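Asker: Following is a predicted model, sequence given first.
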Amino acid sequence: MNDEIEKVKEIISENSDVLAKLGKELSAIHFSYKITENSTELFWQNRINEFKKYYEKGKEYYIQAHGLMNLKNKEQAGLFLLRISKFSQMALKFIVNMEEVKNNPSVIKLKDKQQSKWSKELRERLVESNNACFQYETDMNKFFREFYETSLKDIKKQD
């Protein structure tokens, strides 16, 4: 029994270290959800590439977090896995909206009074998907941090 507890502690510690490394890599990408009124196709292509890189590393981070949670509480881990799935759907929607803006970059200019209804709706969809991803990711991080503080931190400290 004691060997099992020690093995779980060791696995939690190793997974925590991997998670910390992924967190550093994720923060090094420096993706900002701030919408910039840049109306060049190149800017939006770069922004899409930047978000895809951020999203892939984020997904790796969240899957690692799920694995860590699964060691302690399978029910909470299952809920977190659903959150990862929903975040993936939101991220894909955000990418599609950025692709549309890339193909029609002038829609992003707020000061253009002669924009069509379609242009305004596209800009609104971009802003909504951007805000939804940001808020959902913030909530996911909060959920995991609270789980870590209440369920894993003490186990990792026990020696």
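Answerer: Nice, thanks for sending it over.
Asker: Average pLDDT for stretch 69-79, rounded please.
Answerer: Averaged across stretch 69-79, the pLDDT comes to 93.
Asker: Between the two ends of it, how far is it?
Answerer: 10 Å (C-alpha to C-alpha, to the nearest Å).
Asker: ok, and what's touching it?
Answerer: 8, 11-12, 15, 66-67, 80, 144, 147, 151-152, 155 (C-beta atoms under 8 Å, 6 or more residues apart in numbering). C-beta here means a position set from N, CA and C on the backbone, and glycine is covered the same way.
Asker: and that stretch, which residues are buried?
Answerer: Using 16 or more other C-beta atoms under 10 Å as the test for burial, stretch 69-79 gives 69-72, 76-77.
Asker: Stretch 123-139 now?
Answerer: Buried residues in stretch 123-139 (16+ other C-beta under 10 Å): 123, 125-126, 129-130, 132-133, 136-137.
Asker: do stretch 106-122 as well
Answerer: Buried, per 16+ other C-beta under 10 Å, within stretch 106-122: 107-108, 115, 119, 122.
Asker: The buried residues of stretch 69-79 in helices, which ones?
Answerer: Per DSSP state H, helices hold the following members of these: 69-72, 76-77.
Asker: Ile29: which of those residues is nearest?
Answerer: Met69 (23.3 Å; C-beta to C-beta).
Asker: packing partners for the helix or strand Lys120 falls within?
Answerer: Using DSSP states H and E, Lys120 sits in helix 117-147. For helix 117-147, the packing partners by 3 or more C-beta pairs under 8 Å, 6 or more residues apart in numbering; DSSP states H and E come out as helix 41-72, helix 74-103.
Asker: what inclination does the shortest one have with respect to helix 117-147?
Answerer: Right, helix 74-103. 150 degrees (axes from the mean of the first three to the mean of the last three C-alpha atoms, to 10 degrees).
Asker: Output the helices and strands packed on helix 117-147 in JSON lines; the columns should cover distance to Gly23.
Answerer: Formatted as JSON lines, the helices and strands packed on helix 117-147 follow (distance: least, C-beta to C-beta, whole Å):
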{"stretch": "helix 41-72", "distance to Gly23": "6"}
{"stretch": "helix 74-103", "distance to Gly23": "15"}
